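Participant: just to be clear, the model below is a prediction. Sequence and coordinates:
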Amino acid sequence: MPLAARRLPRLLALAVTVALLGAFLLLAAGGPAAAQAQSRAEVTGTAANKWDPADVNIRPGGTVVFTVGPGAVTHPVVSGDGSNSQGDGRFDASDCVLDKMQKAGDSCTVKIDKAGSYPYFCQVHVALGMKGTITVGSGGGSTTTTTTTATTAAGSAVVAPPSAAAPPPAGRPAIYWAGWGLFALGALMALGLIALYVRFSPGFNREKR
């Protein structure tokens, strides 16, 4: 058997390894980035009156656990962008009211079933910019763009800027494409090497008539 033919089984094993590595990366990527959203996220209200992290991503039906961090006090959670101190009621934050989020260690849980973008704020420290956003799924579909028209004392109309629309669905992560690339490369190498092995291995040679 030629030297190149003797090396074919080793090269075939390498090709299979590359394909398996690609398949592993695909499983790790889990499809589109939106599909990587967690079923549970944690947000801490800090002593500096900030949410950490302020923006989280969960799956539809997932939960967000809010906790009053060390040295912090009074971080009640309200659904909304902070323009209305009573909130917009887009998600149920009844477990996160002031008397339940008064001291360090207090926590509450919010569950959101419908995909969309849900702003929230601390009812006590909203003026300090203590706001955040919960993105459920891809974040599309439930936030609408609205334009508000107000009238000044002089009678002229002032159009407020539209509210921010939901962010576009996230694309696929780099690890997803890397996985596909390795899987395809390994599969093509394996097919080519199998063809060469069949061609050059003596066991597959037929007698010439």
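Facilitator: Ah, there it is.
Participant: strands of this protein, start to end?
Facilitator: 38-45, 51-52, 55-68, 77-79, 107-112, 116-122, 131-136, 149-151, 157-159 (DSSP state E).
Participant: what are the pairing partners of the third one, and which direction each?
Facilitator: In the sheet, strand 55-68 lines up against strand 38-45 (parallel), strand 107-112 (antiparallel), strand 131-136 (parallel) (DSSP bridges).
Participant: hmm, who's touching the first one?
Facilitator: Among residues not part of strand 38-45, those counted as contacts by C-beta atoms under 8 Å, 6 or more residues apart in numbering are 51-54, 56-59, 61-69, 72, 75, 101, 122, 130, 132, 134. No exception for glycine: its C-beta is placed from N, CA and C like everyone else's.
Participant: and the strands paired with strand 55-68 as TSV, adding mean neighbour count and mean pLDDT?
Facilitator: Listed next are these as TSV, based on neighbours: other C-beta atoms under 10 Å; pLDDT from 0 to 100:
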stretch	mean neighbour count	mean pLDDT
strand 38-45	17	94
strand 107-112	18	97
strand 131-136	22	97
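Participant: list just the one of those strands that sits closest to residue 189.
Facilitator: Across these, residue 189 has its closest neighbour in strand 38-45 (36.1 Å, C-beta to C-beta).
Participant: which residue packs closest to residue 52, ignoring adjacent ones?
Facilitator: Distances taken as C-beta to C-beta, 6 or more residues apart in numbering place residue 44 nearest to residue 52, at 4.8 Å, with adjacent residues excluded.
Participant: about what we covered before: let's have the strands paired with strand 55-68 in a markdown table, adding distance to residue 94.
Facilitator: Listed next are those as a markdown table, based on distance: least, C-beta to C-beta, whole Å:
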| stretch | distance to residue 94 |
| --- | --- |
| strand 38-45 | 17 |
| strand 107-112 | 9 |
| strand 131-136 | 16 |
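Participant: quick one: which of those strands is nearest residue 13?
Facilitator: strand 38-45 (37.2 Å).
Participant: the inter-axis angle of that closest one versus strand 116-122?
Facilitator: If you take axes from the mean of the first three to the mean of the last three C-alpha atoms, to 10 degrees, strand 38-45 sits at 20 degrees to strand 116-122.
Participant: CA atoms only for strand 38-45, dumped as CSV, please.
Facilitator: What follows is strand 38-45, C-alpha atoms only, in CSV (Å, rounded to 0.1, in the frame of the first residue of the first chain):
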residue,chain,number,x,y,z
GLN,A,38,-31.7,32.5,30.3
SER,A,39,-34.8,31.1,32.0
ARG,A,40,-33.7,33.1,35.1
ALA,A,41,-31.7,36.3,35.5
GLU,A,42,-30.6,38.1,38.6
VAL,A,43,-30.4,41.9,39.2
THR,A,44,-28.9,43.6,42.2
GLY,A,45,-29.8,47.1,43.4
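Participant: show me what contacts residue 189?
Facilitator: Applying C-beta under 8 Å, 6+ apart, the residues near residue 189 are 11, 14, 15, 18, 19.
Participant: still on that earlier bit, narrow the contacts of strand 38-45 to just the buried residues.
Facilitator: Buried members of the contacts of strand 38-45, counted by 16 or more other C-beta atoms under 10 Å: 51, 56-59, 62, 64, 66-69, 72, 75, 101, 122, 130, 132, 134.
Participant: thanks again, I'm all set now.
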